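A.B. asks: A predicted structure for the sequence below; I have some questions about it.
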Amino acid sequence: MSRSLSLFTAVILAISAMSAAAPVESTASVSIDNNIASVDISLNKREERRFRKRAKHAKRGSSTYSGTATWFLPASEGGSQGACGPSEGNNSNIVALNVAQYGNTSKKSSWCGKRIKITGPKGSTISKINDACPGCSKGDLDLTPVVFKKVVGDMNKGVGKITWKVV
């Protein structure tokens, strides 16, 4: 019996020695390491793209402005063509930007055509800057009735507190 136990022990020791020296383990380890490095690089590139995308959006809409919303009838108050050029109607989804931010009203502003998200007591909506409001203070917007109703609500109020940003 001691002889068969010795043979068994010898076989186990031989298998252990062979498995410790076998190249399978080191090859698998290298393969796994290479795969991990590949995944890390892919994730890093993916994260970099996400970061750049977030940074682009942050630049676009990073500033939030606060002010007062009033309403106007573009077709009958100032004409059917806004300071930005395109024609506008009383039910257009547009706003007039305060002169402090708009700049020289005899020229087309860099704000013209920008889409903004306006939030007020009634809700939020997205509109386009198409005009200038000479009587508005910095941060204020003059809204068409359709926009005013979505953001402030009751037209009889005449004014409402808002925040807005470029989207």
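C.D. replies: Arrived safely, thanks for sending. Worth saying up front: this structure is predicted, and the values here are computed from it rather than measured.
A.B. asks: Which SSE is immediately downstream of the helix or strand bottoming out on mean pLDDT in the chain?
C.D. replies: Within the chain, no helix or strand scores below helix 23-61, which has a mean of 54 by mean pLDDT, DSSP states H and E. Downstream of helix 23-61, the first helix or strand assigned by DSSP states H and E is strand 65-71.
A.B. asks: So what are the sheet partners of that next one and their directions?
C.D. replies: Here strand 65-71 is paired, per DSSP bridges, with strand 141-143 (parallel), strand 159-166 (antiparallel).
A.B. asks: deepest of the ones you listed, which one?
C.D. replies: Mean neighbour count (mean count of other Cβ atoms under 10 Å) peaks for strand 141-143 among the strands paired with strand 65-71, with a mean of 26. No exception for glycine: its C-beta is placed from N, CA and C like everyone else's.
A.B. asks: what residues does it touch?
C.D. replies: With Cβ atoms under 8 Å, 6 or more residues apart in numbering as the test, strand 141-143 has contacts from 67, 69-72, 95-98, 118, 127, 131, 133, 136, 151-152, 162, 164.
A.B. asks: Of the strands paired with strand 65-71, which is nearest residue 63?
C.D. replies: Closest approach to residue 63 among the strands paired with strand 65-71 (Cβ to Cβ): strand 159-166, 6.3 Å.
A.B. asks: domain parsing for the protein?
C.D. replies: 2-60, 63-166 (automatic domain parsing).
A.B. asks: Now do residue 149 against residue 105, distance only.
C.D. replies: Counting by Cβ to Cβ, to the nearest Å, the separation of residue 149 from residue 105 is 26 Å.
A.B. asks: Residue 138 now?
C.D. replies: Taking Cβ to Cβ, one finds residue 138 at 15 Å from residue 105.
A.B. asks: if we can go back for a sec, who wins for proximity to residue 122 among the strands paired with strand 65-71?
C.D. replies: Per Cβ to Cβ, nearest to residue 122 of the strands paired with strand 65-71: strand 159-166, 7.8 Å.
A.B. asks: remind me which residues of the chain are low pLDDT?
C.D. replies: When residues are selected by pLDDT under 70, those of the chain lie in 1-61, 78-80, 86.
A.B. asks: could you redo the last one with a cut-off of 90?
C.D. replies: Within the chain, the ranges that satisfy pLDDT under 90 run 1-62, 74-83, 85-91, 106.
A.B. asks: Can I take it that residue 146 is in a helix?
C.D. replies: Yes. Counting by DSSP: H, G, I helix; E, B strand; the rest coil, residue 146 is located in a helix.
A.B. asks: got a list of what the residue lying closest to it once chain neighbours are set aside touches?
C.D. replies: Leaving aside its chain neighbours, residue 146 sits nearest to residue 91 (5.0 Å; criterion: Cβ to Cβ, 6 or more residues apart in numbering). Residues in contact with residue 91 (Cβ under 8 Å, 6+ apart) are 144-146.
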